[in-house]
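Chemist: how would this look folded up:
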Amino acid sequence: MSLLPRRWRLPYFAVLGIIGLLLSISALQSYRLSGGTRPWEPFLWEFSSVVVIGTLALGVHALVGRLQGRPWPRQLAAHAIAMPLFSLLHIAGMFGLRFAVYGLAGVGYHPDDLGTVLVYEGGKDAVSYLSFCLISRGVWMAQAAAARTQELDRARRELAEVRLARLADQVQPHFLFNTLNLISSVMYEDVARADRLLCQLADLLRQTLAAQQRSEHTVREELALVQPFLALMQARFGPQRLVVEIQADEAAQACRLPALLLLAPVENAVKHDVARHRGRVTVSVRAERVGERLKLQVSNQGDTPVPESPPDPDGGFGLRNLRERLAARYGDAAHVEFGPSGQGMVLNLELPCAC
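Modeler: Next up, the predicted model:
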């Protein structure tokens, strides 16, 4: 029974039973027309053949599987030996069952002579054997194709995970360099203040490193990284120049997303907009769950127009990295929109909410 997986045993024998029943009913009609008086005989004849054939078919399937990939001459030689053996086993098994049942019933059984049986059954067995070989070949090919598909899917998942890890690794150095550049201007103005900022930065980096090891976390945990970063930037620019607004409903905070996803957009809002405005700038981060979708928004609005040229329409390195991470993780299920809004810029993200 090891030739047939457990989940296929019941369907396989159910099919054999249906085939035997249909053949038996057909044979019963001819049997009655020929004057037969024992209606169980056609059922014995057909089921004895179907049971033996069904068992031998499993051996044919195993043989075809073992011959896969072998040279064609070797396969043909194996089948040339297996085909007559298949017929002999079928005849022996089939008539063995019939003689046993007739003996138990106390009825005599007189089949045709051996030569006639070998010729008659041998021709049918050759057709059956070739049919089983073709069917088995198709089954093995389908299983191989399914295995290749699974292997390809696994390789794609592993490649996507490697790509995500590489993209995530790019976030922290980029964030670190830009943050240090923002702090560097303080070094010659207020050494004590710069020292405090660097200590806060060190604490924040430890948190981001821990988050990066987990690959993904909740929106609540992501905001726990965004808040200290914005607090650090408020200390850098002053609360009069940088106003922070963070809003997230409870449902949205429970959604999971790639770690450090929002840190780069928030950092870009500070670097490219707060540092460019002469007046006050409000940086806001919003998270909302709508059905099974998570909507995120990072925006900044200044009190006065920006006199310099507009920033990179693609959002710079940080947002290009963000787009690649979302595409690798969610494919077409994630949407990114970035562009001007009023006297600032707005980034809208929409992705599946997984809790």
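Chemist: Would you map the helices across the chain?
Modeler: Taking DSSP state H to define them, one finds helices in the chain at 6-33, 40-67, 72-105, 114-184, 191-213, 219-237, 250-253, 263-269, 316-330.
Chemist: can I get those helices in a markdown table with distance to residue 351 and mean pLDDT?
Modeler: Using the backbone N, CA and C atoms, a C-beta is placed for each residue, glycine as well. As requested, these are exported to a markdown table (distance: least, C-beta to C-beta, whole Å; pLDDT from 0 to 100):
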| stretch | distance to residue 351 | mean pLDDT |
| --- | --- | --- |
| helix 6-33 | 37 | 89 |
| helix 40-67 | 44 | 93 |
| helix 72-105 | 52 | 94 |
| helix 114-184 | 14 | 77 |
| helix 191-213 | 18 | 75 |
| helix 219-237 | 11 | 84 |
| helix 250-253 | 11 | 94 |
| helix 263-269 | 14 | 81 |
| helix 316-330 | 6 | 77 |
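Chemist: Which one of these lies nearest to residue 344?
Modeler: Nearest to residue 344, of all the helices of the chain, is helix 263-269, at 8.2 Å by C-beta to C-beta.
Chemist: who touches stretch 23-36?
Modeler: 39, 41-43, 45-47, 50 (C-beta atoms under 8 Å, 6 or more residues apart in numbering).
Chemist: So for this protein, the centremost residue is which one?
Modeler: residue 153 (6.3 Å; C-alpha atoms, centre = their mean).
Chemist: Now distance to residue 304 too, for the helices of the chain, in TSV please.
Modeler: As requested, the helices of the chain are exported to TSV (distance: least, C-beta to C-beta, whole Å):
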stretch	distance to residue 304
helix 6-33	70
helix 40-67	76
helix 72-105	81
helix 114-184	21
helix 191-213	26
helix 219-237	15
helix 250-253	32
helix 263-269	16
helix 316-330	22
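Chemist: roughly how far apart are the residue nearest to the centre of the chain and residue 147?
Modeler: Distance, residue 153 to residue 147, using C-beta to C-beta, to the nearest Å: 11 Å.
Chemist: Next: residue 243.
Modeler: 58 Å.
Chemist: Give me the more crowded residue out of those two.
Modeler: residue 243 (17 against 10; other C-beta atoms under 10 Å).
Chemist: excluding its backbone neighbours, what's nearest the more buried one?
Modeler: residue 282 (4.3 Å; C-beta to C-beta, 6 or more residues apart in numbering).
Chemist: got it, and residue 274?
Modeler: residue 281 (4.6 Å).
Chemist: residues contacting the one you found?
Modeler: Applying C-beta under 8 Å, 6+ apart, the residues near residue 281 are 241-243, 273-274, 300-303, 344.
Chemist: re the thing from before, can you tell which of the helices of the chain is closest to residue 293?
Modeler: Closest to residue 293 of the helices of the chain, according to C-beta to C-beta: helix 250-253, at 10.0 Å.
Chemist: Now do that closest one: distance to the chain's middle.
Modeler: Mean-position distance between helix 250-253 and its chain equals 27 Å (C-alpha atoms, centre = their mean, to the nearest Å).
Chemist: same check, this time on stretch 49-60
Modeler: Using C-alpha atoms, centre = their mean, the offset of stretch 49-60 from its chain centre is 37 Å.
Chemist: And that stretch, what's buried?
Modeler: 49-54, 56-58, 60 (16 or more other C-beta atoms under 10 Å).
Chemist: Tell me how the protein divides into domains.
Modeler: 6-152, 185-352 (automatic domain parsing).
Chemist: Return the most buried member of those domains.
Modeler: Of these, the one with the most neighbours on average (mean count of other C-beta atoms under 10 Å) is domain 185-352, at a mean of 17.
Chemist: next one: that one to chain centre, how far?
Modeler: 31 Å.
Chemist: how long is it end to end?
Modeler: 40 Å (C-alpha to C-alpha, to the nearest Å).
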